[in-house]
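> Okay, structure incoming, though there's no sequence with it:
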Ligand SMILES: [Zn+2]
Ligand SMILES: [Zn+2]
């Protein structure tokens, strides 16, 4: 557990403070760095058409705080069970060897990717879950770094919980657990800043998530696009869609879209192979 790894007592109050307080400090540091670089200092290069909407920004930050505090409370029973050794979390590499140290990363990726895809899919398909759980995150049709964790607490809990319950299904080293929750927060900021440096189409890179916010029902994966491709919810950001205004999807200087299409909504699920 994070508190134990830091040498702190595993009491509920300490666990909540470490998870929610540390999480907030970490998230706001990452989001602020990203915002400063892409939306202020190098705005003319990355987001020349961006204009700050103060009302939307205040709302995004308010819901980040509500989301992280609520998620910390909802996650507490799971953290307590882990601290009391009800899960298969372990602390000594020798317990399961080095092969499993690397093997568990692959298993964890498949486990979280699958649960998060289908949870996210249910949020978009169920009118109840959409209205009462997920719609808050889609108030930001054009995302920026602070909208990354702007969630109804139940939404952030349900989308984060696969990372936290994995250790109840297979052995997870505490260091891998901390790395996975740390990395997924960094990833969340990266896919909301609308700047893509890596464009491997099987990776759910930033432009995929920009399209997710614009159209809502496409590109529902976490790190990868394989579930979206299998289910038919994939839309390629390499295409310029005529109903996505210029500047929403970041195109590096000189980069050209692969092709143009009237709208991702009209392309009926089939997308050309990349
Ligand atoms: Zn988002
Ligand atoms: Zn969504």
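Perfect, thanks for sending it. As the structure is a computational prediction, the values presented were derived from the model and not from experiment. Ligands and ions are numbered 1, 2, ... in the order given.

> Now do stretch 73-82: distance to the chain's middle.
When C-alpha coordinates are averaged (CA atoms, centre = their mean, to the nearest Å), stretch 73-82 and its chain have centres 20 Å apart.

> Please spell out which residues along that stretch are buried.
74-76, 78-79, 81-82 (16 or more other CB atoms under 10 Å). Heads up, the C-betas are built off the backbone N, CA and C, glycines and all.

> Kindly report the same for stretch 159-175.
159-167, 171-174.

> of the residues you listed, closest to residue 183?
Lowest distance from residue 183 to those (CB to CB) belongs to residue 163, with 9.5 Å.

> What confidence value was assigned to that closest one?
If you check residue 163, the pLDDT there is 97.

> is it true that residue 240 lies in a helix?
No: judged by DSSP: H, G, I helix; E, B strand; the rest coil, residue 240 forms no part of a helix; its state is strand.

> mind checking how far it is from residue 82?
Here residue 240 is placed at a distance of 46 Å from residue 82 (CB to CB, to the nearest Å).

> How about residue 170?
As judged by CB to CB, residue 170 and residue 82 stand 14 Å apart.

> which residues in this protein form strands?
239-241, 259-261 (DSSP state E).

> rewinding a little: okay, and which of the buried residues of stretch 159-175 map to helices?
159-165, 174 (DSSP state H).

> returning to what we had before: list the ones among the buried residues of stretch 73-82 that fall in helices.
Among these, the members falling in helices (DSSP H) are 74-76, 78-79, 81-82.

> So which of those residues is the closest to residue 125?
residue 74 (22.6 Å).

> isn't the closest one right up against residue 152?
No: in this structure, residue 74 is not within contact of residue 152 by CB atoms under 8 Å, at 11.1 Å.

> Show the contacting residues for the most centrally placed residue in the chain.
With distances taken as CA atoms, centre = their mean, residue 188 lies nearest the centre of the chain, 3.6 Å away. Residue 188 is in contact with 148-149, counting by CB atoms under 8 Å, 6 or more residues apart in numbering.

> Please report the distance of it from residue 87.
24 Å.

> Ok, residue 12 next?
Residue 12 sits 16 Å away from residue 87, going by CB to CB.

> Would you map the helices across this structure?
Using DSSP H, helices in the chain cover 2-5, 12-16, 22-35, 43-46, 54-83, 97-125, 127-129, 153-165, 174-190, 206-215, 226-231.

> for the second one, packing partners?
Going back to what we said before, that points to helix 12-16. Using 3 or more CB pairs under 8 Å, 6 or more residues apart in numbering; DSSP states H and E, the elements in contact with helix 12-16 are helix 2-5, helix 54-83.

> quick one: average pLDDT of it?
Mean predicted lDDT for helix 12-16 stands at 89.

> ok, now the last one?
The average of the pLDDT scores along helix 226-231 is 96.

> Which positions in that helix come out as buried?
226-229.

> One more: the shortest one?
Residues of helix 127-129 classed as buried by neighbour count (16+ other CB under 10 Å): residue 129.

> roughly how far out does it sit from the chain middle?
Averaging C-alpha positions (CA atoms, centre = their mean) puts helix 127-129 20 Å from its chain's average.

> Check stretch 193-208 too.
13 Å.

> what comes into contact with that stretch?
With CB under 8 Å, 6+ apart, stretch 193-208 has contacts from 34-35, 38-39, 46-47, 142-145, 190-192, 210, 219, 221-226, 228, 235-238, 248-250, 274.

> Those, buried ones only, as a PyMOL selection?
Of the contacts of stretch 193-208, the buried ones can be selected in PyMOL as follows, counting by 16+ other CB under 10 Å:
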select buried, resi 34+35+38+39+46+47+142+143+144+145+190+191+192+210+219+221+222+223+224+225+226+228+235+236+237+238+248+249+250
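
> low pLDDT regions in the stretch 51-200 of the chain?
Within the stretch 51-200 of the chain, no range satisfies pLDDT under 70.

> Compute the distance between the residue lying closest to residue 265 once chain neighbours are set aside and residue 12, please.
If the residues on either side of it in the chain are set aside, residue 265 comes closest to residue 215, at 6.4 Å by CB to CB, 6 or more residues apart in numbering. Residue 215 sits 41 Å away from residue 12, taking CB to CB as the criterion.

> neighbour-wise, which of the two wins?
residue 215 (17 against 14; other CB atoms under 10 Å).

> All set, thanks.
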